[in-house]
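Undergrad: Compute the structure for the input listed below.
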Amino acid sequence: MSSDPIVSGDEPPVLGPERLAELERLVGCALRSGDTGPLRVLGYGEISLVLGWPTTRPTLACKRLPVFRNEQGAGAYGALIAEYVAELVRRGVRVVPTGWETTTSTDGRFAGYVVQPAVAEDTLAPQIVAADAGGSPELIAAIMDATVGAVDAQVGLDAQLSNWALVDGELRYFDVTTPLLAGADGRTRLDLGLLTQPLPAAIRPVVRRLVAPGLVGAYHQPRHAVVDLIGNLLKERLEHAVAPALSAANRRVSPAITREEVDRWYRSDARTWSALLRLRRADRWWQRRVRRRTYPYLLPGPIRR
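TA: Predicted coordinates for the structure are as follows:
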């Protein structure tokens, strides 16, 4: 099956039922064998797997979410993404054309995919900043302006550099797999159960209650979103861009952000995500070697943080 595409200001790409079913079949084979060779893996999100299609020369980036128990759950999540995209566009954030499609997964549940055009590598913001000895302060300032203009108690944004590209000279955003919308009561509308689903079952309730709300809530604070953006420059090995980014940030948010604060944030963030990935790898070993089950996620190799 395939749901209606999301319109995000431009006509969204459509993978279609047959090609989506074939892509999901390849994912199932990779999960059973542990070999991603038949797939074109473009990247790993915290809860998504980004796959290129066609695998030989991708024109589409297909972001697979954790599977849903039923069609209603998949449809509700797709509707929330559609609402999030529309709200970002309304607030001035240009989102790449985005579609939402679903298919039956290999275990009989429902796999949901965010489908977007594949973005040329040399248009990605980290590549642009890396190539500029001056740190591309105008680009980073434009990202900060878009972020500060969009983020509030109702709408959050993960502003890190790797979520942006310059497409035909226009700044575009493409990380909408976790729709950061909150209700009038300030509580996130994002399904935290889906967010924590890839973690080992024993720790999911703790992370869902005690950790996830804080992680998600921080993206609803403009100043934190900017700190996160600058800290991720360190993750991307873009040290030369940190000083100009701090200068740009402190013309837009207050209190002033210091280099010491950015370093503390980076160390804390790296520890958190490294620990969660170690737990997922341990769970994969347990599921495969002890329980003799197929582990339902593909994990990245070593990550430099």
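Undergrad: residues touching residue 244, list them.
TA: Shown in contact with residue 244 (Cβ atoms under 8 Å, 6 or more residues apart in numbering): 134, 135, 137, 140. In this view, the C-beta of every residue, glycine as well, is placed from N, C-alpha and C.
Undergrad: Tell me how many other residues crowd the first one.
TA: Burial of residue 134 is recorded as 10 neighbouring residues (other Cβ atoms under 10 Å).
Undergrad: Over to the third one?
TA: With neighbours defined by other Cβ under 10 Å, the count for residue 137 comes to 16.
Undergrad: Distance check, the closest residue in space to it that isn't next to it in sequence against residue 223.
TA: Computed as Cβ to Cβ, 6 or more residues apart in numbering, the closest residue to residue 137 that is not its neighbour in sequence is residue 244, at 4.1 Å. Distance of residue 244 to residue 223, computed by Cβ to Cβ, to the nearest Å: 18 Å.
Undergrad: If you count contacts, what does the helix or strand harbouring residue 18 end up packed against?
TA: Following DSSP states H and E, one finds residue 18 within helix 17-33. For helix 17-33, the helices and strands in contact under the criterion 3 or more Cβ pairs under 8 Å, 6 or more residues apart in numbering; DSSP states H and E are strand 49-53, strand 60-64, strand 99-104, strand 110-117.
Undergrad: can you list the residues that contact the third one?
TA: Contact with strand 99-104 is made by 1-3, 5-6, 12-17, 20-21, 24, 68, 71, 74-75, 78, 81-82, 110-116, as judged by Cβ under 8 Å, 6+ apart.
Undergrad: do the same with stretch 207-218
TA: By Cβ under 8 Å, 6+ apart, the list of residues contacting stretch 207-218 from outside reads 156, 178, 180, 188, 190, 192-193, 195-196, 199, 224-225, 228, 276.
Undergrad: Quick check: mean pLDDT of it?
TA: Stretch 207-218 comes out with an average pLDDT of 92.
Undergrad: Next: stretch 290-305.
TA: On average, the pLDDT along stretch 290-305 is 84.
Undergrad: which parts of it are buried?
TA: Buried residues in stretch 290-305, counting neighbours by 16 or more other Cβ atoms under 10 Å, are found at 295, 296, 297, 298.
Undergrad: got the contact list for that stretch?
TA: Contacts for stretch 290-305 (Cβ under 8 Å, 6+ apart): 27, 30-32, 36, 41, 44, 49, 66-67, 107, 198, 235, 237, 270, 273-274, 277, 280-281, 283-284, 287-288.
Undergrad: Now for residue 258: which residues touch it?
TA: Residue 258 neighbours (Cβ under 8 Å, 6+ apart): residue 246.
Undergrad: can you rerun that using 10 Å?
TA: Residue 258 makes contact with 227, 246, 250, 264, according to Cβ atoms under 10 Å, 6 or more residues apart in numbering.
Undergrad: For the third one, which non-adjacent residue is closest in space?
TA: Residue nearest to residue 250 in three dimensions, not counting chain neighbours: residue 256, with 4.7 Å by Cβ to Cβ, 6+ apart.
Undergrad: Look at residue 225 and say how many residues are nearby.
TA: Residues contacting residue 225 under the criterion other Cβ under 10 Å number 24.
Undergrad: Am I right that it is in contact with residue 145?
TA: No: shown here, residue 225 and residue 145 do not form a contact pair, counting by Cβ atoms under 10 Å, at 12.0 Å.
Undergrad: Could you list the low-confidence segments of this protein?
TA: Low-confidence segments of the chain (pLDDT under 70): 1-9, 302-305.
Undergrad: show me where the chain has helices.
TA: Remark: helices assigned in the chain by DSSP state H are 17-33, 71-90, 125-131, 137-150, 192-196, 204-206, 212-218, 222-235, 242-249, 259-285.
Undergrad: any chance of those helices in CSV, plus distance to residue 101?
TA: CSV is the format used below for these (distance: least, Cβ to Cβ, whole Å):
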stretch, distance to residue 101
helix 17-33, 5
helix 71-90, 8
helix 125-131, 26
helix 137-150, 26
helix 192-196, 17
helix 204-206, 27
helix 212-218, 25
helix 222-235, 29
helix 242-249, 36
helix 259-285, 26
